[in-house]
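1. Quick one, what's the 3D model for this:
(4 chains)
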There are 2 protein chains.
Amino acid sequence: MKLSKKGEYALRALTYLGARGAPSVVSIQEIARQEHIPKKFLEQILLALKKAGLVQSSRGKAGGYTLQGAPAGMTLGAILQAVDGPSAPLPCANPHAPLKCPDCPSLEHCWLRGVMTEVGEALNGVFNQITLADLCRRAEESQRRSGQALMYEI
Amino acid sequence: MKLSKKGEYALRALTYLGARGAPSVVSIQEIARQEHIPKKFLEQILLALKKAGLVQSSRGKAGGYTLQGAPAGMTLGAILQAVDGPSAPLPCANPHAPLKCPDCPSLEHCWLRGVMTEVGEALNGVFNQITLADLCRRAEESQRRSGQALMYEI
DNA sequence: AGAATATCTACTAATTCTATAGATATTAAG
DNA sequence: CTTAATATCTATAGAATTAGTAGATATTCT
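-> So this is what the prediction gives:
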């Protein structure tokens, strides 16, 4: 239920990219500075986002990251799964690759499985209805209200 | 989004109580044995459930625990909150007692707050729509199918 | 009095999460 | 061709949370 730091940083970084409007190339360093995220940690996060196909990167001088695709097509669920890995309430409640829970005698005997699979799907539904576009919109509203940059710039 | 062991054990224990039908008194030891839960750990869990008003207890010989109220009135949300404490995606996204997140300059400047508050409420909605009665029903179905006791009895 | 139970507090062990370190590869520019 | 700025990758350390254990006390029934 609690958003992990990885998740939070991923949302901040992607929103920062999204708020740039046209797909511009932004370095890890810039994002880290502006959003107060440890640079080396952000490295790993952006790498995970890249593996998931949510951002593109270019190396070398003047390299950096760019959003891959429109913010409206990038759900909270996809973002969090990219950095935190797939998540089900119980190992056996993963709809795609159900695993026997360590304590259960077998998949079939776990009576929590059915309910928890449904719960997990309902939770995913929540995360999949919110997109990066929503986050960007909110961030810009907030920026307009305060007259300040996204998060920390004063 | 992963169910904690405390949460899982709480659900199992309460379902065990609920499946007894009429509010009968059951000892920690019996629940622990039948559901394969470490006894001392279960102690703490039942104590938390008692503090939250979800179970009653009686001490002394022949003492034990009883459900407080009907299973249909006991939501998954209430159960998990009792053992794991209140939970919001971010500290600032708690609808009742919002706290400044460690990294944020202030509550007002956090543009994640609005979205995350909504997400948290949607997630709570999911947990509050499922009750112990649902779990008991599922458990009994499972039991009928396999001809076995709730979880482990063979 | 004795046996079986719940209650309470403190502590230890295991696991997961967060962050850092350091080496390598790539690219642009001078 | 050298330098500077960047991404990439793997390993590890440090911190925090979760899971589980231990032991003493209080209560109740027989």
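
2. Please state the offset of whichever helix in chain A runs longest from the chain centre?
-> Identified as the longest helix of chain A according to DSSP state H is helix A:112-128. Here helix A:112-128 is found 18 Å from its chain centre; the criterion is CA atoms, centre = their mean, to the nearest Å.

3. now swap in stretch A:89-98 and tell me
-> Remark: stretch A:89-98 is offset 20 Å from the chain centroid, using CA atoms, centre = their mean.

4. Spell out whether the host helix or strand of A:R33 and DNA strand D are in contact.
-> Following DSSP states H and E, the helix or strand that holds A:R33 is helix A:28-35. Yes - using CB under 7 Å from any atom of the strand, helix A:28-35 reaches DNA strand D at A:I28, A:Q29. The C-beta positions use only the backbone N, C-alpha and C, and glycine is treated the same way.

5. For the host helix or strand of A:L14, buried residues please.
-> According to DSSP H and E, A:L14 maps onto helix A:5-19. Residues of helix A:5-19 classed as buried by neighbour count (16 or more other CB atoms under 10 Å in any protein chain shown): A:6-19.

6. Tell me the first helix or strand C-terminal of the host helix or strand of A:Q56.
-> Element membership for A:Q56, per DSSP H and E: strand A:55-58. The C-terminal neighbour of strand A:55-58 among helices and strands, as given by DSSP H and E, is strand A:64-67.

7. Spell out the secondary structure type for the nearest residue to A:N94 once chain neighbours are set aside.
-> Closest residue to A:N94 apart from its sequence neighbours, by CB to CB, 6 or more residues apart in numbering or on different chains: A:A88 at 4.1 Å. With DSSP: H, G, I helix; E, B strand; the rest coil as the basis, A:A88 sits in coil.

8. from memory A:A88 sits against B:M1, does it?
-> Yes - counting by CB atoms under 8 Å, B:M1 is a contact partner of A:A88 at 7.4 Å.

9. Which pLDDT value goes with the closest residue to DNA strand C within chain A?
-> Going by CB to the nearest atom of the strand, DNA strand C is nearest to A:G60 of chain A, at 2.0 Å. Per-residue pLDDT puts A:G60 at 98.

10. one step back: which secondary structure elements does the helix holding A:L14 sit against?
-> Contacts defined by 3 or more CB pairs under 8 Å, 6 or more residues apart in numbering or on different chains; DSSP states H and E place helix A:5-19 against helix A:28-35, helix A:39-51, strand A:64-67, helix A:76-84, helix A:132-146, helix B:112-128.

11. Now do the last one against helix A:132-146, angle only.
-> Angle between the axes of helix B:112-128 and helix A:132-146 is 130 degrees (criterion: axes from the mean of the first three to the mean of the last three CA atoms, to 10 degrees).

12. Quick one: residues in contact with helix B:112-128.
-> Helix B:112-128 is contacted by residues A:1, A:3, A:8, A:11-12, A:76, A:119, A:122-123, A:126-127, A:130, A:134-135, A:138, B:75-78, B:80, B:87-90, B:92-95, B:98, B:107 when judged by CB atoms under 8 Å, 6 or more residues apart in numbering or on different chains.

13. There's contact between A:I37 and A:A10 in this structure, I believe.
-> No - applying CB under 8 Å, one finds A:I37 not in contact with A:A10, separated by 9.6 Å.

14. hang on, the earlier thing: mind checking which of the contacts of helix B:112-128 are buried?
-> Among these, those buried by neighbour count (16+ other CB under 10 Å) are A:1, A:3, A:8, A:11-12, A:76, A:119, A:122-123, A:126-127, A:130, A:134-135, A:138, B:75-78, B:80, B:88-90, B:92-94, B:98.

15. ok, and of the residues you listed, which contact DNA strand C?
-> Among these, no residue is within reach of DNA strand C (CB under 7 Å from any atom of the strand).

16. wait, what's in contact with the residue minimising distance to the centre of chain A?
-> Residue closest to the average C-alpha location in chain A (CA atoms, centre = their mean): A:I79, at 2.6 Å. The contact partners of A:I79, taken as CB under 8 Å, 6+ apart, are A:G7, A:A10, A:L11, A:L14, A:L49, A:L54, A:L132.

17. ok now do the closest residue to A:S27 other than its chain neighbours, which residues does it touch?
-> Leaving out its chain neighbours, the residue that sits closest to A:S27 by CB to CB, 6+ apart is A:G64, at 4.2 Å. Contact partners of A:G64, counting by CB under 8 Å, 6+ apart, are A:V25, A:V26, A:S27, A:I28, A:E30, A:S57, A:S58.

18. By neighbours, which of those residues wins?
-> When neighbours are taken as other CB atoms under 10 Å in any protein chain shown, the top entry among those is A:I28 (20 neighbours).
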